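In: Structure for this input, please:
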Amino acid sequence: MIGEYERAFYGSQYAAMAPLFEHYGVQLWMPETGGRVDYASEHDEKTMTVLGLSSKREITRTRIRVRTAMAVQTREQGRYLGGRPPYGYRLADAGPHPNKAHAAWGRRAHRLDPDPATSPTVRWIFAQRLAGHSVARIARALNEAGVPCPSAADPGRNTHRTGAGWTVGTVTTILENPRYTGRQVWNRQRTDSELADPANVTLGHRSVQRWNLPGGWVISNRPAHPALVSEDDFVAVQGINAVRGPVPQDEPVLRRYLLAGLLACGVCGRRMESAWTNGKAAYRCRHGRTSAMAPNPFRPKNTYIREDKLLPHLPALHLLLTTPAVRARRRTRAGTDVTSAASPDEVIGYLRENEITLTWNPAVAALQAHATETAKTVTVKAS
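Out: Numbering: from 1, shown residues only. Here you go, the predicted structure:
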């Protein structure tokens, strides 16, 4: 029995659930239908469909009102709206909640205060970057000094992370966070709703978090908490981050990696990462090492292969994988039937469609393909 439709169904959810209710003999009672819902009645189905659209409309309007209010609270009041405090800060009590109803329930407002244990590390990171040190060097120095990374410093709020150490991405995230200037910032991330499975819409939607562009951020008009870095220094650091090599004089080259996600390392088995070197697409594997780690003289040498060295061998690899399948044939002038070779683009499409992984073995300069369904392994020399 459902007293309010909005608490049970949204959009087209009833249409997806009604067949299940009918199959398992579950009765549905609602005041809008005057009692029990008749799953075979066109009138009841129409009523439920209209109610679903009305519910979706009201939820959308509520979302807009809430987001508008949160934007105003951030911009005009600099209010802390929840979430994990950034590394270098801790939550402090800011008095009764400004909403009288929430205050009556005993809820308190919060603000950000510098954390005595971690705020010096944030200031040091910005100082090192302003001094011209690379992000990788900063991360490596933190690891060598044994400074706990953000997830290790606050494991209670980071149960989903390992806390193994500082990474380049962790340092970059700190350097790009404007909240260290004392300004409150909201809407750096958004939650999108996507189909859980486009091939089966009955599975509903799933929530996916994505980063917004800076133009969509809401920043307080005045400082809301103590700053760990001045605004001038923060802007200067962003200018350093923006410089990533010489600016090309001609038209920028579109970087395309045709084999991205298809290559595995024959030394360690890891997925090879894309790399752009001397104006050409290539792939490399550092065997689990990152720039934030100290050098290890016993580590295997990086695996590296240029894309243009592999593409000419893909047709032969495709021929070996598809033999003895019947393929298109053409007749020469001498009357001999020969198998037409597939283009590299066709081979790449075939590999992705059949989820075939290519393994590059640098020791013997060979490209190996393993087809999971057919359990066929072929090798082509690519020296």
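
In: Report the helix or strand with the lowest average pLDDT across the protein.
Out: Lowest mean confidence among the helices and strands of the chain (mean pLDDT, DSSP states H and E): strand 329-331, at a mean of 49.

In: Counting by contacts, list what the lengthiest helix in the chain packs against.
Out: As assigned by DSSP state H, the longest helix anywhere in the chain is helix 42-72. Helix 42-72 sits against helix 13-23, with contacts defined as 3 or more Cβ pairs under 8 Å, 6 or more residues apart in numbering; DSSP states H and E. C-beta here means a position set from N, CA and C on the backbone, and glycine is covered the same way.

In: who are the neighbours of the helix it packs on, in terms of helices and strands?
Out: helix 42-72.

In: now the longest helix of the chain, how far from the chain's geometric center?
Out: 29 Å (Cα atoms, centre = their mean, to the nearest Å).

In: and it, average pLDDT?
Out: Mean pLDDT, computed over helix 42-72, is 86.

In: got it, and stretch 306-314?
Out: Mean predicted lDDT for stretch 306-314 stands at 88.

In: now swap in stretch 168-184 and tell me
Out: Mean predicted confidence for stretch 168-184 is 93.

In: Quick one: end-to-end length of that stretch, please.
Out: When the termini of stretch 168-184 are compared using Cα to Cα, to the nearest Å, they are 25 Å apart.

In: Buried residues in that stretch, which are they?
Out: Of all the residues in stretch 168-184, those buried under the rule 16 or more other Cβ atoms under 10 Å are 168, 170-172, 174-175, 177-184.

In: Next: stretch 214-226.
Out: By neighbour count on 16+ other Cβ under 10 Å, the buried set for stretch 214-226 is 218-220, 224-225.

In: Please apply the same query to stretch 25-36.
Out: 28, 30, 33.

In: Which ones among the residues you listed map onto strands?
Out: residue 30 (DSSP state E).

In: for the buried residues of stretch 25-36, which one is nearest residue 305?
Out: residue 28 (60.6 Å; Cβ to Cβ).

In: List the residues that contact the nearest residue to that closest one once chain neighbours are set aside.
Out: In this structure, residue 28 finds its nearest non-sequential neighbour in residue 37, 4.3 Å apart by Cβ to Cβ, 6 or more residues apart in numbering. Counting by Cβ atoms under 8 Å, 6 or more residues apart in numbering, residue 37 touches 27-30, 44, 48.

In: again, only using 7 Å
Out: Residues near residue 37 by Cβ atoms under 7 Å, 6 or more residues apart in numbering: 28, 30, 44, 48.

In: Domain parsing of the protein, as residue ranges.
Out: Annotated domains of the chain cover 5-77, 89-184+220-242, 263-329+338-381 [automatic domain parsing].

In: so which of those gets nearest residue 209?
Out: The nearest among the domains of the chain, by Cβ to Cβ, is domain 89-184+220-242 at 12.6 Å.

In: If I look at the residue nearest the centre of the chain, what pLDDT would I see?
Out: Among the residues of the chain, the one closest to the centroid is residue 210, at 6.6 Å (Cα atoms, centre = their mean). Residue 210 is assigned a pLDDT of 88 by the prediction.

In: Now it: phi and psi?
Out: Here is the backbone geometry of residue 210 (degrees, to the nearest 10): phi -140, psi 160.

In: Could you verify my assumption that it touches residue 193?
Out: No. In terms of Cβ atoms under 7 Å, residue 210 does not count as a neighbour of residue 193; the distance is 11.3 Å.

In: how many neighbours does residue 140 have?
Out: 22 (other Cβ atoms under 10 Å).

In: Now do the phi/psi pair for the residue nearest to it when sequence neighbours are not counted.
Out: Sequence neighbours aside, residue 292 is the residue nearest to residue 140 in space, at 5.2 Å (criterion: Cβ to Cβ, 6+ apart). When read as degrees, to the nearest 10, the backbone of residue 292 gives phi -80, psi -10.

In: circling back: which one of the domains of the chain has the poorest average confidence?
Out: Among the domains of the chain, domain 263-329+338-381 scores lowest, with a mean of 79.

In: Tell me the gap between it and the middle of its chain.
Out: 25 Å.

In: hang on, the earlier thing: next secondary structure element downstream of the longest helix of the chain?
Out: Using DSSP states H and E, the helix or strand that follows helix 42-72 towards the C-terminus is strand 89-96.

In: now the helices: where do they sit in the stretch 151-300 of the chain?
Out: Taking DSSP state H, counting those that start in this stretch as the test, the helices found in the stretch 151-300 of the chain are 168-175, 231-242.

In: so what's residue 122 up against?
Out: 87-88, 174, 180, 228.

In: and the gap between it and residue 186?
Out: Residue 122 is 20 Å from residue 186, where distance means Cβ to Cβ, to the nearest Å.

In: Check which residues of stretch 280-293 are buried.
Out: Neighbour-count burial for stretch 280-293 [16+ other Cβ under 10 Å]: 281-283, 285-286, 292-293.

In: can you give me the end-to-end distance of it?
Out: Stretch 280-293 end-to-end distance (Cα to Cα) = 27 Å.

In: heads up, I number from 13, so please use that
Out: Yes, from this point I'll number from 13; that puts the last item at stretch 292-305.
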